[in-house]
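A.B. asks: A structural model of the following input is requested.
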Amino acid sequence: MTKRTQLALATALVAALALGASGCSDPKKGSSGAGASNPAAANDGKLLGGTPVKGGTLTVLSNQDFAHLDPARNWVMPTMDFGTRLLYRTLVTFKAEPGKAGSELVPDLATDLGTSSNGGRTWTFTLKEGLKYEDGSPIKAQDIKYNVERSFAPDLTGGPDYAAQYLAGTEGYKGPLQGKHLDSVKTPDDRTIVFELKRPVAEFSATATLPTFAPVPQSQEKGTQYDSRPFSSGPYKIESYDRDKKLVLVRNEHWDAKTDTVRKAYPDKFVVVMGLKGGQIDDRIIGGEGADASTVEYADMRPESAPKVLPKPDIKARLLAESKGCTEMLYLNNSRAPFDDPKVREAMQYAVDKEAVITAGGGPALNEIATAYLPPALSGGKQPDTLKIAPAGDPAKAKELLKAAGKEKIKVSLAVSTGDKAVGEALQQGLARAGVEVVIDTVDPGAYYDVIGDLSTTPDMTFTGWCPDYPSGSTWMPFVFDGRTIKDKGNQGNYSQFRDEATSKRIDEINNMADAKQANQAWIDLDAELMKKSPSIPIQLERKPLLVGPNIAGAFGHPAWTGEIDYATVGLKDPSKSQG
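C.D. replies: Next comes the predicted model:
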């Protein structure tokens, strides 16, 4: 039996489980409400394993290294969760609770959520007293200013762009490594930091949850090498880091729980074991024997593992599968042929077989078809269907559009992360129906965003997603479709390299709207307009399936970090049973 056949049988079983348990045929109903049938949604909003006991070693099994742990470069959702919950703190953070409560903002390093003035163009934060780094030295406002400035450095690529988008007077600024600093970030004393913005930003408190707003003392600056050893302001510090193999965190004895209402820091040690195969990770946690009882997985459970989990109540009870709240897309490189032609891009909307992609990704228990760009949480709870294309596509219509564009046969490259190879093959086979030949390039997950974010190595097509950093269209549309955000290296979001003056102008108009409700509707309207221009193809809305060992307690999928386990609260039922 080939691997592809095994995957097809596995996903067929998952689909049957999702659709047949109680006669309900709508997998989108999840676990809320009577008659819900999706087995993957059984633990939505739940905390697994009860309250942890302090102590022991919690092991994280991963198929990849972290893209970046440097807080100036950390903008991949699971890595942001890991970094901001364990290694460094930010001005503001999210509550450590499952479900909707987890989206609530709470102060972290700051005493409150910040104070706005000057019509929302000035934001002031005051740091708590008694904050310390891993060596016992005090955390100062100047250290947060320094890390915000570092986010502009051309060598420190990949991090959030909010400082560049929002702060005044940043044109041409290249970071502090050459001794230059921003006048729009002021630190009148060691505990006060003031941000001067170019326009009013009502949700700047939410922006301050990002790793950009974590402290980095200038004395610890190591340029690109800071990635390997961030200086801890959180409950843990790095004991050792062997890239692509193992990361070991131990307690930061200078972290004071009295200053931190969010992080519980239950385990004595976190060990991240990297470079494992996804199926191997699943099997070890499903078995849950010995040291594997005290493990969690970092990357998603493989689709072919679902039949080993969903029909078995004792194992399903250890599965988290919260909605990611993101939209996975096939990005088309608009900067060159053939996708510089809008007609060809329109043809691709019809050529894709989204149903096949859903099957390859685990079936309707773990995914549903996307019909728009903005995820449901940003579009009133349900995505609109502007183009009304059948889920399996319309190859005849695609061929007609390609013929009209004078390109009946095209050959293009597609980059996917190693774990998405089956999805890449589903895209390849679907597009072949319309005369589009696809050459797949699989990239190691730890290097994937560096490869697709470098304009010299980005392919014709890229498969990845975009997630809101907090519930606002301003964290989605500008980053994915504003041509002014494109960078030669460290490009994030606008992987389509879509440059459209009318779109950029409309983004500015919406950003300047004072009425949040009006702005929200404007983002939705812009979504519909962009679907017609087709810079990318929305493919699917995913869940985040993660298995935990039988000795794990306090585990839940956090809504702010795409359903990743919240490392602020996870721990062990019995620390004596852990190893390491």
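A.B. asks: Just give the number of residues close to L109.
C.D. replies: By the criterion of other C-beta atoms under 10 Å, L109 has 28 neighbours. Heads up, the C-betas are built off the backbone N, CA and C, glycines and all.
A.B. asks: Let me see the contact set for it.
C.D. replies: R89, T90, L91, L127, K128, L131, I139, I144, P215, S233 (C-beta atoms under 8 Å, 6 or more residues apart in numbering).
A.B. asks: which one's the longest strand in the protein?
C.D. replies: Of all segments of type strand in the chain, defined using DSSP state E, the longest is strand 536-547.
A.B. asks: what lines up beside that one in the sheet?
C.D. replies: Strand pairing for strand 536-547, determined by DSSP bridges: strand 319-323 (antiparallel), strand 327-332 (antiparallel), strand 367-369 (antiparallel).
A.B. asks: Which one (most neighbours) among the contacts of L109?
C.D. replies: Across the contacts of L109, neighbour numbers were computed from other C-beta under 10 Å; L91 holds the maximum, 30 neighbours.
A.B. asks: Contacts only, for it.
C.D. replies: Counting by C-beta under 8 Å, 6+ apart, L91 has contacts P107, D108, L109, A110, G114, F125, I144, I193, A208, T209, F213.
A.B. asks: tell me the phi and psi of it?
C.D. replies: Note on L91: backbone dihedrals following degrees, to the nearest 10 are phi -60, psi -40.
A.B. asks: Then R433?
C.D. replies: Dihedral pair for R433: phi -60, psi -30, per degrees, to the nearest 10.
A.B. asks: Same question for Q280.
C.D. replies: When quoted as degrees, to the nearest 10, the phi and psi of Q280 stand at phi -60, psi -40.
A.B. asks: burial count for it?
C.D. replies: Q280 is surrounded by 12 other residues when neighbours are defined as other C-beta under 10 Å.
A.B. asks: still on that earlier bit, going on from the longest strand of the chain, what's the next piece of helix or strand?
C.D. replies: strand 552-553 (DSSP states H and E).
A.B. asks: Packing partners of that next one?
C.D. replies: Packing contacts for strand 552-553, counted by 3 or more C-beta pairs under 8 Å, 6 or more residues apart in numbering; DSSP states H and E, involve strand 571-572.
A.B. asks: Any stretches of the stretch 201-350 of the chain with poor pLDDT?
C.D. replies: The stretch 201-350 of the chain contains no residues with pLDDT under 70.
A.B. asks: For it, which segments count as strands?
C.D. replies: In the stretch 201-350 of the chain, the segments counted as strands under DSSP state E, counting those that start in this stretch are 236-242, 246-251, 269-273, 295-297, 319-323, 327-332.
A.B. asks: Mind exporting the C-alpha coordinates of the third one to PDB?
C.D. replies: In other words, strand 269-273. As requested, the backbone C-alpha atoms of strand 269-273 are provided in PDB (Å, rounded to 0.1, in the frame of the first residue of the first chain):
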ATOM      1  CA  LYS A 269      12.500  22.300  33.100                       C
ATOM      2  CA  PHE A 270      11.300  22.400  29.500                       C
ATOM      3  CA  VAL A 271      13.100  20.200  26.900                       C
ATOM      4  CA  VAL A 272      12.400  20.700  23.200                       C
ATOM      5  CA  VAL A 273      13.500  17.700  21.100                       C
END
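A.B. asks: Pull the residues that contact it.
C.D. replies: Applying C-beta under 8 Å, 6+ apart, the set of residues contacting strand 269-273 from outside is 56-62, 86, 236, 239, 245-251, 298, 567, 580.
A.B. asks: make it 6 Å
C.D. replies: For strand 269-273, the surrounding residues in contact (C-beta atoms under 6 Å, 6 or more residues apart in numbering) are T57, L58, T59, V60, L61, S62, K246, L247, V248, L249, V250, G580.
A.B. asks: now swap in the fifth one and tell me
C.D. replies: If you take C-beta under 6 Å, 6+ apart as the criterion, strand 319-323 is touched by A40, N43, V309, R543, K544, P545, L546, L547, G557, G563.
A.B. asks: Serialize the residues you listed to a markdown table and add fields for distance to L69.
C.D. replies: Written out in a markdown table, the entries for those read as follows (distance: C-beta to C-beta, whole Å):
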| residue | distance to L69 |
| --- | --- |
| A40 | 30 |
| N43 | 29 |
| V309 | 30 |
| R543 | 26 |
| K544 | 20 |
| P545 | 24 |
| L546 | 20 |
| L547 | 24 |
| G557 | 21 |
| G563 | 21 |
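A.B. asks: Closest one of those residues to R433?
C.D. replies: Minimum distance to R433 across these is 27.8 Å, recorded for R543 (C-beta to C-beta).
A.B. asks: Return the residues in contact with that closest one.
C.D. replies: Neighbouring residues of R543 by C-beta under 6 Å, 6+ apart: A40, A321, S323, L366.
A.B. asks: Now do the second one: how many residues are near it, please.
C.D. replies: Translated: A321. Neighbour count for A321, taken as other C-beta under 10 Å: 31.
A.B. asks: now do A502
C.D. replies: Other residues lying near A502 total 9 when counted by other C-beta under 10 Å.
A.B. asks: my guess is it is in a strand, correct?
C.D. replies: No - with the criterion set as DSSP: H, G, I helix; E, B strand; the rest coil, the secondary structure at A502 is helix rather than a strand.
A.B. asks: What's the per-residue pLDDT of it here?
C.D. replies: With respect to pLDDT, A502 scores 98.
A.B. asks: gap between it and I486?
C.D. replies: 17 Å (C-beta to C-beta, to the nearest Å).
A.B. asks: what's the answer for A422, then?
C.D. replies: 30 Å.
A.B. asks: These two - which one has more neighbours?
C.D. replies: Counted by other C-beta under 10 Å, A422 and I486 do not tie: A422 has more neighbours, with 23 against 17.
A.B. asks: element containing the more buried one, please.
C.D. replies: Counting by DSSP H and E, the secondary-structure element that holds A422 is helix 421-432.
A.B. asks: C-terminal to that helix, what's the next element?
C.D. replies: Heading C-terminal from helix 421-432, the first helix or strand you meet, by DSSP H and E, is strand 436-443.
A.B. asks: now for that following strand, which elements pack on it?
C.D. replies: Using 3 or more C-beta pairs under 6 Å, 6 or more residues apart in numbering; DSSP states H and E as the contact definition, the elements that strand 436-443 packs against are strand 410-417, helix 421-432.
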